[in-house]
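In: Just to be clear, the model below is a prediction. Sequence and coordinates:
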Amino acid sequence: MSEKVKIHRYTSLRRLATRLRDDLNGGNQDFVLLYAYNGTGKTRLSMEFKDVGKKKLRRSSNVDDDVDQPLTITETVGDTLYFNAFTEDLFSWDNDLEKDSERRLHINADSKFFKGLKDLALDERIGDYLGRYADFLFDIDYEQWTISFRKGDDARHIKVSRGEENIFIWCLFMAICERVIDGLETYAWVKYLYIDDPITSLDDNNAIAVASDLAKLLRKAKSRTRTEAVMADGPGEADTPPRMVPAPIKAVVSSHHALFFNVVCNELKKDAHKKYHLQRPERGATYTLRATDDTPFFHHVSMLAELQKAAHGGTLYTYHFNMLRSILEKTATFFGRDDFSACIHGLEDADLFSRALNLLSHGKYDIYQPSVMVDDNKKLFKQILDAFLGRYEFALPDIFERPTARKGQAA
């Protein structure tokens with residue numbers, strides 16, 4: 001790396017969300033693309049971004065002719081249509097446990113996300129998207145607000161897999177976004193799209209297809225125009241036809257999926273955008289934002305830097321064995337080897353290292369409820385990591401370096 005890249009630090013997600021909005025507005029960017037590991041806070045950041053854009057509007061309404069003073073109504077209006085884990089929670093299964101024959105997916109009709117859904121005529125567009133990723137069909141009952149799935153005429157009311165359910169919800173979201181871009185009045189409030197990890201449980205082929213389709217839609221969104229009537233200010237202007245004016249919709253995309261992220265970045269490389277690596281060092285209260293515009297995007301290299309920091313002066317958790325094994329597997333694949341042990345073959349204590357990684361990376365180690373390693377495992381982890389880094393000599397970025405700030409300057 002020829003040049004140090006500045007790392008910005010934020011002590012709250014609200015400040016970080018404001019920074020992303022500044023990039024899209026004052027920074028004149030069309031898109032902000034964030035890469036972050038699971039457990040960093042991507043979903044909470046998407047909700048903060050949405051909340052920052054909320055405004056309370058007051059309007060008067062004469063709801064009662066006998067009342068002299070108009071009634072003041074306060075209404076909260078947002079500006080962000082988002083897709084994240086909360087979007088998936090708007091759907092719930094009725095598995096028909098009694099008859100075990102008619103399983104349906106219920107839609108939360110109270111959500112603003114579905115406002116006007118019945119009149120949007122989305123079935124065909126959803127089907128177009130769904131046909132690219134899956135082989136099942138669907139039927140939407142707009143009276144009961146339910147969805148049933150089928151495979152041909154023989155298999156009806158089937159229970160689809162979690163991945164298939166997620167991809168259907170994603171296709172519904174994409175179809176709604178198209179109506180937003182078309183300027184439908186129901187979604188006139190949308191100024192931003194925020195998309196967080198839309199490819200849960202998808203294989204690599206579908207991850208590439210979803211990323212490519214999303215990039216096409218985002219380019220269409222940022223180039224959107226809408227019809228605006230021209231006011232008649234003088235003679236001869238009354239008959240002036242309506243004109244098209246720019247009305248771009250900007251977007252933030254965040255993901256932990258390296259393949260998906262790289263495809264989106266490549267598809268949007270000619271558009272005005274910012275690319276960042278978002279981290280929360282040692283699962284603390286501080287968030288770091290590191291631009292990746294001028295350096296190659298090697299998420300596993302950055303992950304190695306995080307492991308090195310944890311091993312030498314930080315806190316080692318049990319899930320760090322899972323991370324280390326994952327990196328060794330990717331390195332082995334890069335060199336065309338079948339097993340991660342090839343990365344440590346020939347090293348002193350290679351057999352011990354291999355057995356330790358096999359044993360200690362298969363436990364249920366949750367990054368959301370981390371457990372600190374015992375001292376013997378810490379020592380063993382450091383030995384494996386140092387031996388691996390000694391063999392391959394990665395150039396690791398100083399991802400946790402505290403940037404110099406002027407006196408009085410806030411992050």
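Out: Thanks, I have the structure now. Residues are numbered from 1 along each chain as shown.

In: From now on I want contacts and neighbour counts done on CA atoms only, so please keep to that.
Out: Will do.

In: ok, Y187 touching V180?
Out: Yes - counting by Cα atoms under 8 Å, Y187 does reach V180; the two are 5.6 Å apart.

In: hey, what's the nearest residue in space to L137 that is not next to it in sequence bridged with?
Out: Of all residues not flanking L137 in the chain, R150 sits nearest, at 5.2 Å (Cα to Cα, 6 or more residues apart in numbering). With DSSP bridges as the criterion, R150 is bridged to L137, R156.

In: can you check V253 too?
Out: Beta-bridge pairing for V253 (DSSP bridges): L33, I195.

In: What separation do you get for it and D197?
Out: Note on V253: its distance to D197, by Cα to Cα, to the nearest Å, is 8 Å.

In: quick one, which of these two is more surrounded?
Out: V253 (25 against 19; other Cα atoms under 10 Å).

In: those strands in the stretch 51-200 of the chain, which residues are they?
Out: For the stretch 51-200 of the chain, applying DSSP state E, counting those that start in this stretch gives strands covering 55-61, 71-77, 80-83, 91-94, 104-107, 137-141, 146-151, 155-156, 192-196.

In: Same list, those, but as JSON lines with mean neighbour count please.
Out: JSON lines is the format used below for the strands of the stretch 51-200 of the chain (neighbours: other Cα atoms under 10 Å):
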{"stretch": "strand 55-61", "mean neighbour count": "11"}
{"stretch": "strand 71-77", "mean neighbour count": "12"}
{"stretch": "strand 80-83", "mean neighbour count": "23"}
{"stretch": "strand 91-94", "mean neighbour count": "14"}
{"stretch": "strand 104-107", "mean neighbour count": "20"}
{"stretch": "strand 137-141", "mean neighbour count": "16"}
{"stretch": "strand 146-151", "mean neighbour count": "18"}
{"stretch": "strand 155-156", "mean neighbour count": "14"}
{"stretch": "strand 192-196", "mean neighbour count": "22"}
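
In: Now tabulate those in JSON lines and tack on distance to V264 and mean pLDDT.
Out: Shown next, in JSON lines, are those (distance: least, Cα to Cα, whole Å; pLDDT from 0 to 100):
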{"stretch": "strand 55-61", "distance to V264": "31", "mean pLDDT": "65"}
{"stretch": "strand 71-77", "distance to V264": "30", "mean pLDDT": "66"}
{"stretch": "strand 80-83", "distance to V264": "16", "mean pLDDT": "94"}
{"stretch": "strand 91-94", "distance to V264": "27", "mean pLDDT": "88"}
{"stretch": "strand 104-107", "distance to V264": "29", "mean pLDDT": "90"}
{"stretch": "strand 137-141", "distance to V264": "27", "mean pLDDT": "91"}
{"stretch": "strand 146-151", "distance to V264": "30", "mean pLDDT": "90"}
{"stretch": "strand 155-156", "distance to V264": "35", "mean pLDDT": "76"}
{"stretch": "strand 192-196", "distance to V264": "12", "mean pLDDT": "96"}
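
In: I'd like the ones you listed as CSV, with distance to L20 appended.
Out: Shown next, in CSV, are the strands of the stretch 51-200 of the chain (distance: least, Cα to Cα, whole Å):
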stretch, distance to L20
strand 55-61, 18
strand 71-77, 20
strand 80-83, 13
strand 91-94, 29
strand 104-107, 31
strand 137-141, 36
strand 146-151, 36
strand 155-156, 45
strand 192-196, 11
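
In: Can you pull up the most central residue in this protein?
Out: What sits nearest the mean C-alpha location of the chain, by Cα atoms, centre = their mean, is D196, with 1.7 Å.

In: residue ranges with poor pLDDT in the stretch 251-400 of the chain?
Out: For the stretch 251-400 of the chain, the stretches flagged by pLDDT under 70 are 293-300, 362-370, 397-400.

In: in the chain, which spans are helices?
Out: Taking DSSP state H as the test, the helices found in the chain are 13-24, 42-52, 85-88, 123-133, 162-181, 204-222, 258-267, 299-311, 319-334, 350-360, 375-392.

In: so how far is the longest one off the chain centroid?
Out: Put simply, helix 162-181 sits 14 Å off its chain's centre (Cα atoms, centre = their mean, to the nearest Å).

In: Output the contacting helices and strands for that helix.
Out: Using 3 or more Cα pairs under 8 Å, 6 or more residues apart in numbering; DSSP states H and E, the elements in contact with helix 162-181 are helix 123-133, helix 204-222.

In: Would you reformat the helices of the chain as JSON lines and include distance to I344 and mean neighbour count?
Out: As requested, the helices of the chain are exported to JSON lines (distance: least, Cα to Cα, whole Å; neighbours: other Cα atoms under 10 Å):
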{"stretch": "helix 13-24", "distance to I344": "40", "mean neighbour count": "18"}
{"stretch": "helix 42-52", "distance to I344": "34", "mean neighbour count": "20"}
{"stretch": "helix 85-88", "distance to I344": "38", "mean neighbour count": "14"}
{"stretch": "helix 123-133", "distance to I344": "38", "mean neighbour count": "16"}
{"stretch": "helix 162-181", "distance to I344": "35", "mean neighbour count": "20"}
{"stretch": "helix 204-222", "distance to I344": "27", "mean neighbour count": "18"}
{"stretch": "helix 258-267", "distance to I344": "24", "mean neighbour count": "19"}
{"stretch": "helix 299-311", "distance to I344": "16", "mean neighbour count": "19"}
{"stretch": "helix 319-334", "distance to I344": "9", "mean neighbour count": "18"}
{"stretch": "helix 350-360", "distance to I344": "6", "mean neighbour count": "16"}
{"stretch": "helix 375-392", "distance to I344": "7", "mean neighbour count": "15"}
